[in-house]
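Student: A predicted structure for the sequence below; I have some questions about it.
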Amino acid sequence: MDIKDFVEKAALESLKDESYFIVDVLVKGLTSKAKILVLLDSDNGVNIDECADLSRAIGMKMELEEVFDDPFVLEVSSPGLDHPLKFKRQYQKNVGRELKLVMLDGTIEKGKLIEVGETSIKFEKEIKEKKKTTTELVEIAFDSIDKANVLVSFK
């Protein structure tokens with residue numbers, strides 16, 4: 001089992017309950033001082049104490065199994081705005097927020113997430129025509145989205 005798989009398994013075994021889920025495990029630099037980043041999310045949000053608890057649990061399992069001989073950095077964090085949405089659960093908790101979608105064909109769509117279905121989302125996008133701006137509700141299939149990020153709004 002490689003390091004990423006070990007850490008992911010340890011993280012999954014250490015989750016508080018089913019409302020928590022692992023978005024991703026990233027491992028960088030396998031020699032000297034590796035950095036391991038575990039992205040934790042929840043249907044109700046994640047706080048720093050929950051990240052610290054999970055970090056301790058994973059770290060203890062790694063030390064017990066002697067996964068690394070050399071020092072390593074283990075970081076558990078919630079996925080920030082720079083990490084794309086990966087699971088339907090993440091879309092659901094962002095209903096009402098502005099998203100930037102990069103489609104598989106390379107086009108970019110920006111708009112408000114209105115609804116999340118089984119296989120698609122309903123998305124309200126602005127259409128600018130001359131001096132008039134209107135909105136259009138479109139349905140976008142999950143399998144046509146390459147990357148989706150929440151946009152920061154300062155309104």
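Tutor: Received it, and whenever you're ready, just let me know what you need. Numbering: from 1, shown residues only.
Student: Check what pLDDT the residue nearest to Ser19 when sequence neighbours are not counted gets.
Tutor: Closest residue to Ser19 apart from its sequence neighbours, by Cβ to Cβ, 6 or more residues apart in numbering: Asp43 at 4.7 Å. For glycine as for every other residue, the C-beta is placed from the backbone atoms N, C-alpha and C. Asp43 carries a pLDDT score of 89 in this model.
Student: Isn't Val76 up against Val46?
Tutor: No. With contact defined as Cβ atoms under 8 Å, Val76 does not reach Val46; the gap is 9.0 Å.
Student: hey, what's in contact with both of the two?
Tutor: Taking Cβ atoms under 8 Å, 6 or more residues apart in numbering as the criterion, Val76 and Val46 both touch Leu40.
Student: where does the protein dip in pLDDT?
Tutor: Across the chain, the ranges flagged by pLDDT under 70 are 1, 30-32, 155.
Student: show me where it has helices.
Tutor: Taking DSSP state H as the test, the helices found in the chain are 3-13, 48-64, 88-92.
Student: how about these in TSV, adding mean neighbour count and distance to Thr119?
Tutor: Formatted as TSV, the helices of the chain follow (neighbours: other Cβ atoms under 10 Å; distance: least, Cβ to Cβ, whole Å):
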stretch	mean neighbour count	distance to Thr119
helix 3-13	16	25
helix 48-64	15	31
helix 88-92	17	9
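Student: between Val76 and Val46, which one's more packed in?
Tutor: Using other Cβ atoms under 10 Å as the criterion, Val76 and Val46 rank with Val76 on top: 25 against 17.
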